[in-house]
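*Asks:* Okay, predicted coordinates and the sequence, questions at the end:
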Amino acid sequence: MRRNDFLRLLSMAGVGCITPGLAQPNQPTIEGEFEINPHFINSGPGFGNRLALTFDDGPTPGVTERVLAELSKRNLHATFFLIGSKVDASPDLARRLVDEGHDVANHSYTHPRLAGMSDTAVEQQLSRTQEAITRATGVTPVWFRPPYGAFRREQGPIASKMGLGVAYWSVDPKDWSQPGSSTITQRVLSASQPGSIILLHDLHPQTADAVPAIFDGLVERAFLPTPFHNFVGMPYA
């Protein structure tokens, strides 16, 4: 998909400058955060009942495998935004994501708040993660999600220089706060619509507890969970 066509589709689908919620509590905002430019998305095309299941902060041994098992049972596919240091610690688990047909993407190397860092430090975080994921899986990511959603508009060229689009989200059940699996499920199912990008974390057992009901609920509502390469395509092609 050519970049202009990609941006036109997102515009037709109603992609807006919605401010995504923080992925962690008690983090002060910095001027310029969350502003959306053409390198940044927070939802996908709103036709065809497609949406994206995304999982942050993995791979996490003992949790990621449970999520993978539930996806496999239903022949569903997701996008995993991986932390580079955790990929280096569990390369076989990272490789399994790709082997089972899921997309892998960049979520920084150590999960810092990038909005307050120098350009050089941000570039190191992204490049080390690109290298870790490529080394473990053979795949070089084309999408990046900033930890906490903390990324300033003027930092966009750092990501685009590496061929990385910046992906936020439109559905956040705040599973990181561990409100209980039934609450996580209810929040996802009540907020999802065609074009949604659903934010989850393969980090806590509560999320793994919730995913069977989430997946079944989405399928019952005729949604088609779709990995990023088929959902929003390549950001700069």
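*Replies:* That came through fine.
*Asks:* and Glu65, that's in a helix?
*Replies:* Yes: according to DSSP: H, G, I helix; E, B strand; the rest coil, Glu65 belongs to a helix.
*Asks:* Parallel or antiparallel, list what pairs with the helix or strand harbouring Asp56.
*Replies:* In this structure, Asp56 sits in strand 50-58 according to DSSP states H and E. Sheet partners assigned to strand 50-58 using DSSP bridges are listed as strand 79-82 (parallel), strand 197-201 (parallel), strand 224-225 (parallel).
*Asks:* next one: the last one to chain centre, how far?
*Replies:* Just to be clear, that refers to strand 224-225. 15 Å (Cα atoms, centre = their mean, to the nearest Å).
*Asks:* Give me the mean pLDDT for that strand.
*Replies:* Mean per-residue pLDDT for strand 224-225: 96.
*Asks:* next structured bit after that strand?
*Replies:* helix 228-231.
*Asks:* got the CA coordinates for that following helix in PDB?
*Replies:* C-alpha atoms of helix 228-231 as PDB (Å, rounded to 0.1, in the frame of the first residue of the first chain):
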ATOM      1  CA  PHE A 228      -1.100  -4.900  11.400                       C
ATOM      2  CA  HIS A 229       0.400  -5.900   8.100                       C
ATOM      3  CA  ASN A 230      -3.100  -6.600   6.800                       C
ATOM      4  CA  PHE A 231      -4.900  -3.900   8.800                       C
END
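*Asks:* And the strands in this structure, which stretches?
*Replies:* For the chain, applying DSSP state E gives strands covering 40-41, 50-58, 79-82, 103-106, 143-144, 165-167, 197-201, 224-225.
*Asks:* Among those, show me which one is buried the most.
*Replies:* strand 79-82 (a mean of 28; mean count of other Cβ atoms under 10 Å). For every residue, glycine as well, the C-beta is placed using N, CA and C.
*Asks:* Flag the shaky bits of the protein, pLDDT-wise.
*Replies:* Scanning the chain for pLDDT under 70 picks out 1-38.
*Asks:* From the centroid of it, which residue is nearest?
*Replies:* Thr54 (4.4 Å; Cα atoms, centre = their mean).
*Asks:* Enumerate every residue touching that one.
*Replies:* Contact analysis of Thr54 by Cβ atoms under 8 Å, 6 or more residues apart in numbering lists 78-81, 105, 145, 167, 169, 197-200, 228.
*Asks:* do that again at 10 Å, thanks
*Replies:* 78-81, 103, 105, 107, 143, 145, 167-169, 171, 197-202, 225, 227-228, 231 (Cβ atoms under 10 Å, 6 or more residues apart in numbering).
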